[in-house]
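**Q** test case, fold it:
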Amino acid sequence: MKPLYKAIVLLVFFILLGYFREYVFINFNNLIYFKFYKSTTMPIPSAFLFFTKFSYATLYYVKYPLTITFVAIYIITSIISLKFLRMNNWYQKLLLIIYGIIILLSVILMIYGYFFKLKLNDNEYTISRWLMGIAQSPFILFTLITLYLWEKTKLIKNEKGN
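**A** Numbers count the residues shown, from 1 in each chain. Here you go, the predicted model:
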């Protein structure tokens, strides 16, 4: 498959994955809103009606495993994408290191906020959520692809003597 077609396939895939993730979280947040305020202006899709049985607190805490699930999906699909693009294992290792750092920082910030500030709605929580937003996006993958293409172009220019 030509590189342009591969790029288009990956772009479409990650756009669809992003829309799916957004759909899940918007509807989950709507359920939480519904449980808290006992009403909502947005209809609850039939696929989410099962969750109306659960309490507000349960739905709130289910968002944590849901976040972990989407982070795992993005890690797995990013590794598959790197293999699909035939990028060497160094980029896969770098991807895992970056994800590890982001997840570790996020966890440390959450623990700090929970145990030392006794709340989860401070600056640490905001930064942790921001980091998880990066982890639930193709940003890291696309940055590595850009780095790979830049290094490849630089190597080709050096070989040509420019």
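**Q** quick check: pLDDT value at K119.
**A** Looking at K119, its pLDDT is 68.
**Q** when you give positions from now on, start the count at 28
**A** Got it, first residue is 28 now, which makes that one K146.
**Q** which other helices and strands does the lowest-mean-pLDDT helix or strand in the chain contact?
**A** Lowest by mean pLDDT, DSSP states H and E among the helices and strands of the chain is helix 166-187, with a mean of 87. Applying 3 or more C-beta pairs under 8 Å, 6 or more residues apart in numbering; DSSP states H and E, we find helix 166-187 packed against helix 83-111, helix 116-142. Bear in mind the C-beta positions are built from the backbone N, C-alpha and C, glycine included.
**Q** in this protein, which residue is most central in space?
**A** Q163 (0.5 Å; C-alpha atoms, centre = their mean).
**Q** what is the neighbour count of the residue nearest to that one when sequence neighbours are not counted?
**A** Spatially, and ignoring its direct neighbours in sequence, Q163 is nearest to F97 (4.7 Å; C-beta to C-beta, 6 or more residues apart in numbering). Counted with other C-beta atoms under 10 Å, residues neighbouring F97 total 19.
**Q** related to what we said a few turns ago, what's near enough to touch the residue nearest to the centre of the chain?
**A** R48, T94, F97, V98, Y101 (C-beta atoms under 8 Å, 6 or more residues apart in numbering).
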